[in-house]
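S.K.: when you get a sec, could you give me coordinates for this:
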Amino acid sequence: MDVQMQATVLVILYQGKETLGVYDDDAAAWDALLAFVDQNWVSRFDSTPPPESGDVRVEMFFNGEDMYLLASSDVTDL
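M.R.: Got it, this is the predicted structure:
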């Protein structure tokens with residue numbers, strides 16, 4: 001039985017600063033991205049409450065010059 005190993009990289013460019021993280025899977029990287037958005041929401045939107053949907057929250061937060069990248073790779077053969 002072959003076991004597949006995956007690595008997911010999360011890069012966030014926000015207000016001129018880079019944040020980089022490597023995670024075991026896409027779900028963990030997505031959770032880290034949501035945590036970043038939640039931690040920085042008030043500084044970006046003041047008293048505007050964040051949307052319930054994580055997808056919409058991320059889309060609103062990164063609507064502008066700031067950006068993020070999620071990239072996955074199979075690292076089984078490394």
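S.K.: switch to C-alpha atoms for all contacts and neighbour counts from now on
M.R.: Fine.
S.K.: before we move on, what SS does the one residue sitting closest to the centre of the chain have?
M.R.: Taking CA atoms, centre = their mean as the criterion, Leu33 is the residue nearest the geometric centre of the chain, at 2.7 Å. Secondary structure state of Leu33, per DSSP: H, G, I helix; E, B strand; the rest coil, is helix.
S.K.: what sits against it?
M.R.: 10, 58 (CA atoms under 8 Å, 6 or more residues apart in numbering).
S.K.: per-residue confidence for it?
M.R.: We note a pLDDT of 98 for Leu33 in this prediction.
S.K.: can you tell me the element Ala7 falls in?
M.R.: Secondary structure assigned from DSSP states H and E places Ala7 in strand 6-14.
S.K.: ok, and what's touching that strand?
M.R.: For strand 6-14, the surrounding residues in contact (CA under 8 Å, 6+ apart) are 18-26, 29, 33, 66-76.
S.K.: mind redoing it with 7 Å?
M.R.: Defining contact as CA atoms under 7 Å, 6 or more residues apart in numbering, one finds that strand 6-14 is touched by 18-26, 29, 66-75.
S.K.: restricted to strands, list the residues you listed.
M.R.: Judged by DSSP state E, the contacts of strand 6-14 include 18-23, 67-74 as members of strands.
S.K.: residue ranges in this structure under the pLDDT threshold?
M.R.: Scanning the chain for pLDDT under 70 picks out 1-2.
S.K.: which parts of whichever strand or helix holds Val56 are buried?
M.R.: For Val56, the host element (DSSP H and E) is helix 54-61. Neighbour-count burial for helix 54-61, counted by 16 or more other CA atoms under 10 Å, picks out 54, 57-58, 61.
S.K.: please work out which residues outside that helix touch it.
M.R.: For helix 54-61, the external contacting residues (CA under 7 Å, 6+ apart) are 34, 37, 50-51.
S.K.: pipe those residues into CSV and attach distance to Gln6 and secondary structure per row.
M.R.: As requested, those are exported to CSV (distance: CA to CA, whole Å; DSSP: H, G, I helix; E, B strand; the rest coil):
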residue, distance to Gln6, secondary structure
Leu34, 20, helix
Val37, 24, helix
Pro50, 31, coil
Pro51, 30, coil
